[in-house]
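Student: coords below, sequence missing:
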């Protein structure tokens, strides 16, 4: 199994508060991704990173920011959480030069009340 | 744009039945193709992959063949078990392999329930 951990695994927060989710990898892979998974929507890409300090937006980036100050960590921040951001968040990694498969973390279940 | 279409679920089968989950896609060039599986309460796991036309990916009794002419990558298993109950995702690679745009295209997934 790829060495990917996510923290916290579960979080309940109130509307309007900032929230940061952490993804940590031990594989030294260059690419990292944040997704959200919601019933009826499948997986949707929020942001991704192709190197330290190199990030780009995905299809549902509004209300989210990311940072990657070192290879192993990719942080997702909800600037001001809203109930529509209640979801399960997955981090994934992949390496260049391969066939683009991604390896996923266990997920973080976030509830915004 | 790039997209993937999977058969809608839920699919309900009896144990030892034959499984087919259809997947067709549109993508730039000839991407690698993947099937992922998500068991209840867990993250996604790579089930199998194929990287070029006519390749057959296989794992845990599941198979899928890269069909360039029909842009399809149907998942099959000859005899399903209760433990195969999960959600299955077909995911072609999207974007240019030469750039930083290395993403997968995700469908909605197909839920499979296998009854004893």
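Tutor: Noted; the coordinates are in hand. None of these values were measured; they are calculated from a predicted model.

Student: alpha carbons only for contacts and neighbour counts from here, please
Tutor: Fine.

Student: how many neighbours does residue A:59 have?
Tutor: 10 (other C-alpha atoms under 10 Å in any protein chain shown).

Student: if we ignore the residues flanking it in sequence, what's nearest residue 92?
Tutor: Chain wasn't specified; assuming chain A. Nearest non-adjacent residue to residue A:92, counting by C-alpha to C-alpha, 6 or more residues apart in numbering or on different chains: residue A:104, 4.2 Å away.

Student: oops, I was thinking of chain B
Tutor: Closest to residue B:92 by C-alpha to C-alpha, 6+ apart is residue B:33, at 4.4 Å.

Student: shouldn't that neighbour be in contact with residue B:73?
Tutor: Yes. Proximity of residue B:33 to residue B:73 meets the contact threshold set by C-alpha atoms under 8 Å, at 7.3 Å.

Student: where do the contact lists of these two overlap?
Tutor: Counting by C-alpha atoms under 8 Å, 6 or more residues apart in numbering or on different chains, the common neighbours of residue B:33 and residue B:73 are B:66, B:90.

Student: quick revisit: tally up the residues packed near the residue nearest to residue B:92, please.
Tutor: By the criterion of other C-alpha under 10 Å, residue B:33 has 29 neighbours.

Student: the residue nearest to residue A:92 is in contact with residue B:37, isn't it?
Tutor: No. Between residue A:104 and residue B:37 there is no contact under C-alpha under 8 Å: 11.1 Å.

Student: which one of these two is surrounded by more residues?
Tutor: The neighbour comparison of residue A:104 against residue B:37 (other C-alpha under 10 Å) goes to residue A:104, with 26 against 22.

Student: for that one, which residues are in contact?
Tutor: A:2, A:4, A:90, A:91, A:92, A:93, B:43, B:44, B:45 are the contacts of residue A:104 under C-alpha under 8 Å, 6+ apart.

Student: give me the number of residues near the fourth one?
Tutor: Close neighbours of residue A:91, defined as other C-alpha under 10 Å, add up to 31.
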